[in-house]
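Undergrad: any chance you could fold what I've pasted below:
(2 chains)
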Amino acid sequence: MTLSSAGAPTQYAVELQGCTKQFTTPGGGTYFAVRDIDLKVEPGRFVSIVGPTGSGKSTILNMAAGLLTPSTGSVSSFGSPVNGVNRRASYMFQQDALLPWKTVIDNVSLGLTMAGVGKAEAYSEARRWLEKVGLKNFADRYPHQLSGGMRKRTAVAQAWIVNPDILLMDEPFSALDVQTRQIMENELLALWQESGKAVVFITHDLDEAIALSDEVVILGAGPGSTVVGNYEITIPRPRDLLDIRDDPRFVEMHREIWGRLKLEVSKTYEAARAEEGEVA
Amino acid sequence: MTVLNGRKALKPAPGQGPAAARARRSNGTSDGLMRVYQLVLAAVVLGAWELLGRAGIIDEFFFPLPSDILATVWSWISTGYVFPHLWITLQEALLAFAVGAAAGLFLGFLLARVRFLERLFDPFLQMFNALPRVVLAPIFLLWFGLGIWSKVAFGFTLVFFIVFFNTLEGVKNVDRVLVDNARMLGASEKQLLRHVFIPSALTWIFSSLHISVGFAITGAVVGEYLGASAGVGYAIAQAQGVFDTQGVFAGMFILMIVVLIIDLLVNRLEKHLLRWRPVQSS
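TA: Modelled structure (predicted):
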């Protein structure tokens, strides 16, 4: 199921082997978030993880980030086991994760100043990034003074300024309106293409996953979900996301993958219905 | 039931919540006009008090005339009688506040970050907090004497717990995502404290600051009242000792004005330090 082409690199940017994460429920039972996850992300590749609600997508990402430790299995990054926070990775959260008490420029330069870079240098680098994401006139604003899209741009700059080898993105644009979201996706792709960074992108939107990725990983219905499908997206790059949905290859991939994802989505739906029935 | 339904129907539709209602209200009555109304209300109440007192309907001994109280306030101020007392009281309050807030902040951060210590100390802190603080005043008088330190110690016990519990809650309620984000950006434990926990807890600490400043002054005055050689509480106790109700009221009035001024300064400071916060409807 996983990538096993002949020239596979020995060092993956992110490698999860047989990772299971279980939680103890308040009632004393055990809840399996994900089970036996194998995931290999080569450096420079854009991999999306798609799955129905509650399939443990964020759990996988948090394990790759080192924010969660798997109950069993191992996580490694560029050949070395992830112990504590994964230093090679940046994380873009689904929620607003900017520090509300810091201005835009202080937020963006935070990763550098905490690493000991001088304030002047960190600021000039931050200005460069703000210009890149189109926010150079907003450096002194506070996050609450920005629109949702602008906050996401700030978060992009904040994550990229430390020049990570891996970008972990947890539905970063899900809170945006459709138009803003497409623009942000396009910008993300443009940034990524010139960077050679590995991206692990979580989404529940199959369109978004196919349009952006080299590879789409499908998770089964939760709880205790595992990888049920793995698809190579061969649409050539550079891609223009505003038109890609009409591309026949896109349509074909979408039909194929949706056929698989649909099964899991309806399983989740049935389970939710059944639970509701029990309660009622 | 019908009344209730009627009220419900009057509720603003979603989308035009309290903010819209307030906008309407402030449109209806401007701030300046409201000030006038407030002044009129104060004048009516004080005027009625004055008239009823002069007419002999309320006893001037227990409720001295507002004009007499103001005269006493004026004589306390013009003769300079009140200032040394006020200075002592403010010194005590300031020391109690500074030491209490510092200790509360330190222990609050420590216990919020070290789960073991929180669990260890929890029952004892609850016990001390349950103790009505006034009963400590006599023992503090014995321990620290009639000078300012017994009042500082008393004010400390009041301020400490408020700041401590608010800091503890503030640090524990920091948004998980902000912490994770800072950690992913490479924050050490010290940097987490500086960039995430302290600023986040500040909002909680400030909401407690108004109360704790008031308590610091309360602590000082009550302590003085129970036994002291100087301070506004002492001045009030002195006046009470000679049945000088005008003096008692004058002391109250002066304290009230001083606390209002301090609260105004705290508001200023809060506005400055929390300028990053969106303007909230509170």
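Undergrad: what's the neighbour count on residue 136?
TA: Because you didn't say which chain, this covers chain A. 15 (other Cβ atoms under 10 Å in any protein chain shown). Backbone N, C-alpha and C define where each C-beta goes, glycine included.
Undergrad: ah, I was thinking of chain B
TA: 20.
Undergrad: nearest residue to it in space, please, no chain neighbours.
TA: residue B:157 (5.9 Å; Cβ to Cβ, 6 or more residues apart in numbering or on different chains).
Undergrad: domains of the chain?
TA: Since no chain was named, I'll use chain A. Per automatic domain parsing, the structural domains of chain A span A:14-88+A:165-279, A:100-163.
Undergrad: I was after chain B.
TA: B:2-54, B:75-273.
Undergrad: now for the top helix by length along chain A, which elements pack on it?
TA: Ranked by number of residues, the top helix in chain A under DSSP state H is helix A:248-279. Judged by 3 or more Cβ pairs under 8 Å, 6 or more residues apart in numbering or on different chains; DSSP states H and E, helix A:248-279 is in contact with helix A:206-212, strand A:215-219, strand A:227-232.
Undergrad: would you mind finding the most buried of these?
TA: Stretch with highest mean neighbour count among these: strand A:215-219 (a mean of 24; mean count of other Cβ atoms under 10 Å in any protein chain shown).
Undergrad: tilt between that strand and helix A:248-279?
TA: Interaxial angle, strand A:215-219 versus helix A:248-279 (axes from the mean of the first three to the mean of the last three Cα atoms, to 10 degrees): 20 degrees.
Undergrad: and the average pLDDT for strand A:215-219 is what?
TA: Per-residue pLDDT over strand A:215-219 has a mean of 93.
Undergrad: what helix or strand is residue A:39 on?
TA: strand A:30-41 (DSSP states H and E).
Undergrad: which residues touch the next helix or strand after that strand?
TA: Of the helices and strands lying after strand A:30-41 in sequence (DSSP H and E), the nearest is strand A:46-50. Surrounding strand A:46-50, the residues in contact under the criterion Cβ atoms under 8 Å, 6 or more residues apart in numbering or on different chains are A:39, A:41, A:57, A:60-61, A:192, A:198-206, A:208-210, A:212-219, A:257, A:261.
Undergrad: strand A:46-50 pairs with which strands, parallel or anti?
TA: strand A:198-203 (parallel), strand A:215-219 (parallel) (DSSP bridges).
Undergrad: avg pLDDT for it?
TA: Rounded mean pLDDT across strand A:46-50 is 94.
Undergrad: give the buried residues for stretch B:113-129.
TA: B:118, B:125 (16 or more other Cβ atoms under 10 Å in any protein chain shown).
Undergrad: sorry, wrong one. I was asking about stretch A:153-170.
TA: Those would be A:153-162, A:164-170, for stretch A:153-170 by 16+ other Cβ under 10 Å.
Undergrad: then stretch A:173-184?
TA: A:173, A:176, A:180, A:181, A:182, A:183, A:184.
Undergrad: residues of chain A that sit close to chain B?
TA: Taking Cβ under 8 Å from any Cβ of the partner chain as the contact definition, chain A meets chain B at A:65, A:67, A:85-87, A:89-91, A:93, A:95-103, A:110-111, A:114-115, A:142-145, A:158, A:162.
Undergrad: so residue A:27: helix, strand or coil?
TA: coil (DSSP: H, G, I helix; E, B strand; the rest coil).
Undergrad: returning to what we had before: deepest-packed of the domains of chain B, please.
TA: domain B:75-273 (a mean of 18).
Undergrad: what separates that one from the chain centre, distance-wise?
TA: 8 Å (Cα atoms, centre = their mean, to the nearest Å).
Undergrad: can you get me the start-to-end distance on that domain?
TA: 39 Å (Cα to Cα, to the nearest Å).
Undergrad: now do the contacts for residue 82.
TA: All of this is about chain A. Taking Cβ under 8 Å, 6+ apart as the test, what residue A:82 contacts is A:64, A:66, A:75, A:76.
Undergrad: sorry, should have said chain B
TA: B:76, B:232, B:235, B:251, B:254.
Undergrad: alright, that wraps it up for me.
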